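Novice: structure of the sequence below:
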Amino acid sequence: MPASALVIGAGVVGLTTAVSLAEAGRDVRVDAELLPGATTSAAAGASWDPFLAEPADLVERWSKETLRLLLEFATDDSTGVRLVEGTHESRVPRDVPTWAPWVNACPCAPRDLRPGYVEGWRYRAPVVDMPKYLGYLADRLAHAGGRLRQHRYVSLEEALSEAPVIVNCTGTGARALVGDSSVEAMRGQLVVVENPGITTFFCDDTPEAEELTYFYPQSDVVVLGGTSDRGNWDLRPDGAAAADILRRCAQIEPSLAEARVVGHRVGLRPVRPRVRLDTEKRDGALLLHNYGHGGAGLTLSWGCAREAVDLLRAAE
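Specialist: So this is what the prediction gives:
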């Protein structure tokens, strides 16, 4: 069935954009090669955290808008969003993170830092069970009259004939779909373990750290990370990387050492020199691009989606 707006991609950026468009009164269909539960977004940790995205001024605006809404969602258990306390800590002295005032982060007292860390900030942030949250977004889309189907487009030209408005939220897929060679995959791997009683999150925030180390409690499990391998498109879990993630996290939180592993997740962060959010006319259709969010797809999702709605209104 034709739609007035076709969104390509069913990750967190695609679904959030589709929800925003449908709730603004548009007839929306989402077409995606991978359904929400199989996307990179479903493999994410995930927490609100402006990570691996530029430009800084727009990231700030989009992040703040998304934070505002995620705080609202955290009051509803059905969304998969919870407000959790935790710390970002650094092994070397560093400047206060730019995002610290946005979440009222307070410096950690030296006695509260993990062994080997010299500086840190404690705050409360939205921590998200991504498979559950993506289900919430899909339900919200359906409630607004939107549709979702699994379909792979072999070319942009094929998609342009489907609707007068095309919204490109394909993440790393934009490299092939629109020929954007600036898009790279930043492979991320996570390990999911049974929760031994952890209630707070932790993230190593050491500047220029060679490895990502973090863990986020999600009720009965804890998600441990991670990796950040630029240019690696392999979606198969790596056993050695998983063992190293477990080792690093257990050094920070010893109770994780004996936690039973219940799953592995791998996703490809769509890294680009800057997020692409713009419009163009192509073969009689209005094409909007919303991709390249790096490791901050969740964090930027609502800010970018709301701006996408405004950009389409202005372009028509």
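
Novice: helices of the stretch 151-300 of the chain, residue ranges please.
Specialist: Along the stretch 151-300 of the chain, counting by DSSP state H, counting those that start in this stretch, helices occupy 156-160, 174-177, 239-252, 297-315.

Novice: kindly report the same for the stretch 1-150 of the chain.
Specialist: 12-23, 40-43, 56-73, 130-143.

Novice: possible to save the ones you listed as CSV with mean pLDDT, distance to residue 89 and mean neighbour count?
Specialist: Bear in mind the C-beta positions are built from the backbone N, C-alpha and C, glycine included. Putting those into CSV (pLDDT from 0 to 100; distance: least, CB to CB, whole Å; neighbours: other CB atoms under 10 Å) gives the following:
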stretch, mean pLDDT, distance to residue 89, mean neighbour count
helix 12-23, 98, 27, 28
helix 40-43, 94, 25, 25
helix 56-73, 96, 21, 18
helix 130-143, 97, 24, 19
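
Novice: nearest to residue 227, of those?
Specialist: Of all those, it is helix 40-43 that lies closest to residue 227, at 11.6 Å by CB to CB.

Novice: so where's this protein uncertain?
Specialist: 1-2 (pLDDT under 70).

Novice: now with 90?
Specialist: Scanning the chain for pLDDT under 90 picks out the ranges 1-3, 45-46, 50-54, 56, 208-211, 219, 283-284, 316.

Novice: ok so, going back, the helices of the stretch 1-150 of the chain: which one's closest to residue 171?
Specialist: Of all these, the one in closest proximity to residue 171, counting by CB to CB, is helix 40-43 (6.3 Å).

Novice: and the closest one, how far out from the chain's middle?
Specialist: Mean-position distance between helix 40-43 and its chain equals 7 Å (CA atoms, centre = their mean, to the nearest Å).

Novice: over to stretch 101-120?
Specialist: Centroid displacement of stretch 101-120 relative to its chain, using CA atoms, centre = their mean, is 24 Å.
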